[in-house]
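# Quick one: sequence plus predicted model below, questions after.
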Amino acid sequence: MHACQLDIEVWHLSDEQPSEEMKMELESLGAKPKDLSDPKLVRPITLRRNAEKQFQIKAAAILNSSFKEVLYLDSDNLPAKDPTFLFDTPEYKSTGALFWPDFWKTHGENKVFDVLGIHCEDEWEQESGQMVIDKEKSWLPLQLAWYMQKHYDVYFQFLNGDKDTFKYAWKALNKPYHMSEVFVGMAGDMLGERFCGHTMLQYFPTPGEEEDDELLFVHANLLKITDKIHFIRDDGQEHPWDLAKHSSMSHSNTWIKPEFYIGPGGRACMDFTHREGEPEAVTENFDDVVPNLQSNYFKYGGIGGETRV
């Protein structure tokens, strides 16, 4: 069994050097800042992509890490519980790669299928905010994912950032992986009369009923581009997570229809739709689902929405 204490590396680009104070704080938490531009690395990155989001660094961070087995997390991704048990699951042991689904499907006419020589299937895309990877078992597909991310000027024309470079690299090389069959949920608040999801919720199935699925990761993917003024309560505290929402029939279901919409004030939101008989969504109080996560997040310096002038 794996111990609950994991070593941590925080990978950054050369122009994102942490201050000495930040380095000391990271090291006090057992985390080491690591520069991707170090020429001694297996796969260094010396150039910044000409875009706000630097999706091309994920495979390099995994390949360059000092670990044989990696739990990769985006910087805006919070474990809702101790995730170390994932390294001992049969799904991980047999494949060496655990992935989680995204809200979308790749269109059947996307040229990525022709370029990589793989078949289009009725399946969800991959959401790469969290991955568990055994580098020894996955070394070759990791190299292909790195190659596609390195040549982002070509491959990101087909794919939305790095996301599916991992899944499709594994498929192209016919390497096994396990995609969690539990569909992604949402956390957020009400925007007028409609739910506005700004955070992805990722699960892992447990034996028994679907409602027993374990919430593992709270990935605040849209929260960071939302004006935090929407989340300030009367007492001055920021409270972005009021509700958690997930499908009532989420296992291996590919006909759920989530929807992205722009709400009042230009807010980016996700919600489930039920226009064509899709299964209803279950809505719960967020703080009941993951007690103390929200309060601890801000207590220890978490950043919610962005501050706009």
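Sure thing, it's come through. All values reported here derive from a predicted model rather than from experimental measurement. Numbers count the residues shown, from 1 in each chain.

# Other residues contacting stretch 107-127?
Stretch 107-127 is contacted by residues 99-106, 155, 158-160, 163-164, 166-168, 171-172, 179, 183-184, 200, 202, 219, 254 when judged by CB atoms under 8 Å, 6 or more residues apart in numbering. (C-beta placed from N, C-alpha, C; glycine too.)

# State the pLDDT value of the closest residue in space to Glu181 that isn't next to it in sequence.
Leaving aside its sequence neighbours, Glu181 sits nearest to Ser252 (CB to CB, 6 or more residues apart in numbering; 4.6 Å). Looking at Ser252, its pLDDT stands at 85.

# from what I can see Ser252 touches Pro205, true?
No: counting by CB atoms under 8 Å, Ser252 stays clear of Pro205, with 9.8 Å between them.

# Now do the shared contacts for the two.
Joint contacts of Ser252 and Pro205 (CB under 8 Å, 6+ apart) are Glu181.

# So for the two, which residue has more residues nearby?
More neighbours surround Pro205 than the other of Ser252 and Pro205, with 16 against 11 (other CB atoms under 10 Å).

# In contact with the more buried one, which residues?
By CB under 8 Å, 6+ apart, the contact list for Pro205 reads Ser180, Glu181, Val182, Asp213, Glu214, His251.

# Was I right to think the second one contacts Met249?
What it means is Glu181. No: using CB under 8 Å as the test, Glu181 is too far from Met249 to be in contact (11.6 Å).

# who has more neighbours, those two?
Glu181 (17 against 14).

# Which strands and helices lie in contact with the top helix by length along the chain?
The single longest helix within the chain, with elements called by DSSP state H, is helix 135-150. Packing contacts for helix 135-150, counted by 3 or more CB pairs under 8 Å, 6 or more residues apart in numbering; DSSP states H and E, involve helix 58-64, strand 97-101, helix 152-155, helix 163-172.

# from the chain's centre, how far out does that helix sit?
18 Å (CA atoms, centre = their mean, to the nearest Å).

# now stretch 255-273
Relative to its parent chain, stretch 255-273 has a centroid offset of 18 Å by CA atoms, centre = their mean.

# what do you get for stretch 162-170?
13 Å.

# Neighbours of Tyr300, how many?
Using other CB under 10 Å, Tyr300 has 8 neighbouring residues.

# Repeat that for the one 3 residues further on.
Around Ile303 there are 15 other residues, counting by other CB under 10 Å.

# residue contacts, it?
Residues near Ile303 by CB under 8 Å, 6+ apart: Lys224.

# ok, Val184 to Asp213 distance?
Separation of Val184 from Asp213 (CB to CB, to the nearest Å): 11 Å.

# so for stretch 171-178, what's the average pLDDT?
Rounded mean pLDDT across stretch 171-178 is 98.

# Which residue, neighbours along the chain excluded, lies closest to Leu215?
Excluding its sequence neighbours, the residue lying closest to Leu215 (CB to CB, 6+ apart) is Ala80, at 4.7 Å.

# quick one on the thing from earlier: now, of the contacts of stretch 107-127, which are buried?
If you count burial by 16 or more other CB atoms under 10 Å, the buried members of the contacts of stretch 107-127 come out as 99-103, 106, 155, 158-159, 163-164, 166-168, 171-172, 179, 183-184, 200, 202, 219.

# got a list of contacts for the lowest-mean-pLDDT helix or strand in the chain?
Every helix and strand of the chain was ranked by mean pLDDT, DSSP states H and E. The lowest is helix 152-155, at a mean of 90. Contacts with helix 152-155, where a contact means CB under 8 Å, 6+ apart, come from Arg49, Phe55, Gln56, Val112, Met148, Gln149, Thr165.
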